[in-house]
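Trainee: I need the structure of the sequence given here:
(2 chains)
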Amino acid sequence: NAGVTQTPKFRILKIGQSMTLQCTQDMNHNYMYWYRQDPGMGLKLIYYSVGAGITDKGEVPNGYNVSRSTTEDFPLRLELAAPSQTSVYFCASTTSGGFNQPQHFGDGTRLSIL
Amino acid sequence: DQQVKQNSPSLSVQEGRISILNCDYTNSMFDYFLWYKKYPAEGPTFLISISSIKDKNEDGRFTVFLNKSAKHLSLHIVPSQPGDSAVYFCAASGYGNNRLAFGKGNQVVVIP
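Mentor: Model prediction:
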C-alpha cells in the first residue's frame, strides 16, 4: 500500500519557468491537500479538494493552481516560478467518512527557484 | 496571524526520561487536535490526536492532554527513546472540512 506518492522529490527551476508537482493516493480518500513548509515554519495550506471536480483556496494560494479530475490525483501547478516559492511541498489526504480524521502525508517535493 | 503556537523550538532529553511538548492555540472554534512527528526528508507522520470532548488520550508511550479553558495542549512521551528524535508538529482543526492549522514545530533530541 503506497499511501500518498509525490513526484519529483527534488527540482530546481529558473525564475519564470513553470512546472507541475504530482500527487497521487491509493487509499480512495476524497479529501486532498497541498501544503508548503518554509524553513523553521509550520505547514501552510495552499489548496485543498473535497472530491473530484471540487477545489478551494487555502491560506497561501497566490502563484499556484490545482485541478482534481480523479479521486486519486491532485496536481499542483506553478505557472511563473518566483524565488518566494522556494520551499518544501507536501501533499496529504484523508477520508471524508466523518470529520476529525488524521491526514496522511507524502514525503514531499523540495523545490528551489533560482 | 498564527493560530497554533509552539514555543521552545528545541528540547534535549535523556533516554528513558519524559519529554513534554507544549502547544497553545487562539481559535476557540478548534475542536480536534493532532500531533505529527517528522523525520528529515520525510513527510509528517500522524502520532496521536484528541477531540475537544476529552481532556486526555493515551497511546502507548504517548499521551496528549487538552486544557480547553487555557487553550493549551501538551504531548508527553514516556519513556523517551532515541528513535523519538524528530520534529513534532501540533495541529488543530475546526473548519468542518478537515483543514489543519499547524504550529512551527519542536525539535526533540533524545540522548542515549
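Trainee: any idea what the residue nearest the centre of chain A is bridged to?
Mentor: Residue closest to the average C-alpha location in chain A (C-alpha atoms, centre = their mean): A:W34, at 2.9 Å. Beta bridges link A:W34 to A:Y47, A:C91, judged by DSSP bridges.
Trainee: check contacts around it.
Mentor: A:21, A:23, A:45-48, A:58, A:64, A:66, A:74, A:76, A:89-92 (C-beta atoms under 8 Å, 6 or more residues apart in numbering or on different chains). Quick note: C-beta positions are derived from backbone N, CA and C, even for glycine.
Trainee: give me the distance between the two termini of stretch A:100-114.
Mentor: 39 Å (C-alpha to C-alpha, to the nearest Å).
Trainee: please enumerate the strands of the chain.
Mentor: All of this refers to chain A. A:4-7, A:10-13, A:19-25, A:31-37, A:43-51, A:54-57, A:64-66, A:76-78, A:87-94, A:104-105, A:109-113 (DSSP state E).
Trainee: my question was about chain B
Mentor: Using DSSP E, strands in chain B cover B:4-5, B:10-14, B:19-25, B:32-38, B:45-51, B:56-59, B:62-67, B:72-77, B:86-93, B:101-102, B:106-111.
Trainee: stretch A:12-24 close to chain B?
Mentor: No - applying C-beta under 8 Å from any C-beta of the partner chain, one finds stretch A:12-24 out of contact with chain B, separated by at least 11.0 Å.
Trainee: which of the residues in that stretch are buried?
Mentor: Residues of stretch A:12-24 classed as buried by neighbour count (16 or more other C-beta atoms under 10 Å in any protein chain shown): A:13, A:19, A:21-24.
Trainee: could you measure from the closest residue to B:G83 other than its chain neighbours over to A:D38?
Mentor: Spatial nearest neighbour of B:G83, excluding adjacent residues (C-beta to C-beta, 6 or more residues apart in numbering or on different chains): B:V110 at 7.8 Å. B:V110 is 26 Å from A:D38, where distance means C-beta to C-beta, to the nearest Å.
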